[in-house]
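Engineer: turn this into a structure:
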Amino acid sequence: NFLTSNPLFSRLDLQKIKNPLQPQSNNRHCLLQHRTAIFSDFKYLVLGANFRLDIMKHIVTLAFFCLSLTVSAFASDGKNLDEVRLCTSTSPCINFSVVGLPESGTPLLHKYYLSVSNVTYSFKVKALQMVSRYFIDDLEDVLNERLDQKMKLGNPDDLADLKPILNRYFSKRVGFKVDGNDAIPKVIGAEYDVDQIVIYLEIPAAQSPTTVEVSNKSLMEIFPEQKNLTHFKINNERKSILNSAETPTDRVKF
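Structural biologist: Okay, the predicted model is just below:
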């Protein structure tokens, strides 16, 4: 299976190999003939000197971008942030499942800068509801650049004091236009999840929108490579946009 599925061995004619376990002379000739070509390919594929760290970094970033596009199936279909509204910012009753950045029992070491957000529309509260995930250390660095007194993120007991700080920051760095009308996001809650902070925002919208324009420049003032990926699920349509330093503003239609 390995030989037939691996493109490196596509030139290997298995029809000519009568018994791979007991190769005859013709079989040896066939194998030896193709061994040179196969290892010639390997020479360019597996020599560590030919792989640069900067290339690997972009591969990892692209991999997580593609993974987020394909895996983000909005595990919280049919739910909204009402439970967050009813809880205090430190309450453990916040239980909003979001498919986004990789989650595990141990913190991830990351050399890429990516946030992932999921947006749905709530007819009940007449608002777009946005759930965003950021790495704690990245957001901490950005906030401390703006604060006179340095703060340390990661303690759930401090979330009540952190909420107004998050609200001031994201209301300036994240902008929305809903059907052509400016809308300011409001932070209504937050929680920690391993090495990430989950932020819950609401953007007022009188009705289910047909166009949404997003300008998400969060964290870009310190991390120029920061990319903010936003998944939408509105009117049973799923669309995504990617904000970066090159494209800080983008728009989707439903």
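Engineer: and the strands in the stretch 151-254 of the chain?
Structural biologist: 174-178, 181-183, 186-193, 196-204, 211-216, 227-234, 237-243, 249-253 (DSSP state E, counting those that start in this stretch).
Engineer: now the angle from the first one to strand 211-216?
Structural biologist: So that's strand 174-178. Strand 174-178 runs at 170 degrees relative to strand 211-216, counting by axes from the mean of the first three to the mean of the last three CA atoms, to 10 degrees.
Engineer: now the third one
Structural biologist: Relative orientation of strand 186-193 versus strand 211-216 (the same axes, to 10 degrees): 60 degrees.
Engineer: what mean pLDDT would you report for strand 186-193?
Structural biologist: Mean pLDDT, computed over strand 186-193, is 97.
Engineer: next: the second one.
Structural biologist: Along strand 181-183, the predicted local confidence has a mean pLDDT of 96.
Engineer: and the contacts of that strand?
Structural biologist: 128, 175-177, 203-205 (CB atoms under 8 Å, 6 or more residues apart in numbering). Yep, even glycine has a C-beta here, placed from its N, CA and C like the rest.
Engineer: any idea of the pLDDT on the closest residue to Leu219 other than its chain neighbours?
Structural biologist: Distance criterion CB to CB, 6 or more residues apart in numbering; nearest residue to Leu219, sequence neighbours excluded, is Gln226 at 4.4 Å. On pLDDT, Gln226 comes in at 96.
Engineer: list the contacts for Val187?
Structural biologist: 163, 166-167, 170-171, 199-201.
Engineer: for it, which non-adjacent residue is closest in space?
Structural biologist: Closest residue to Val187 apart from its sequence neighbours, by CB to CB, 6+ apart: Asn167 at 4.2 Å.
Engineer: the one you found: neighbouring residues, count only.
Structural biologist: Neighbours of Asn167 under the rule other CB atoms under 10 Å: 18.
Engineer: is it true that it touches Lys186?
Structural biologist: Yes. Under the criterion of CB atoms under 8 Å, Asn167 makes contact with Lys186 at 6.4 Å.
Engineer: pLDDT weak spots in the stretch 1-150 of the chain?
Structural biologist: Along the stretch 1-150 of the chain, the model assigns pLDDT under 70 to residues 1-111.
Engineer: redo that, cut-off 50
Structural biologist: 1-4, 6-25, 27, 31-32, 35-51, 53, 69-79, 86-106 (pLDDT under 50).
Engineer: straight-line length of stretch 235-247, end to end?
Structural biologist: Start-to-end span of stretch 235-247 (CA to CA, to the nearest Å) is 26 Å.
Engineer: I meant stretch 144-160, not that one.
Structural biologist: One end of stretch 144-160 to the other measures 17 Å (CA to CA).
Engineer: ok, now stretch 226-244?
Structural biologist: End-to-end distance (CA to CA), stretch 226-244: 6 Å.
Engineer: how about that stretch: buried residues?
Structural biologist: Buried residues in stretch 226-244, counted by 16 or more other CB atoms under 10 Å: 226-234, 240-244.
Engineer: ok, which pair from those residues is furthest apart?
Structural biologist: Across these, the longest distance by CB to CB is 25.0 Å; it joins Gln226 and Ile234.
Engineer: all set, thanks.
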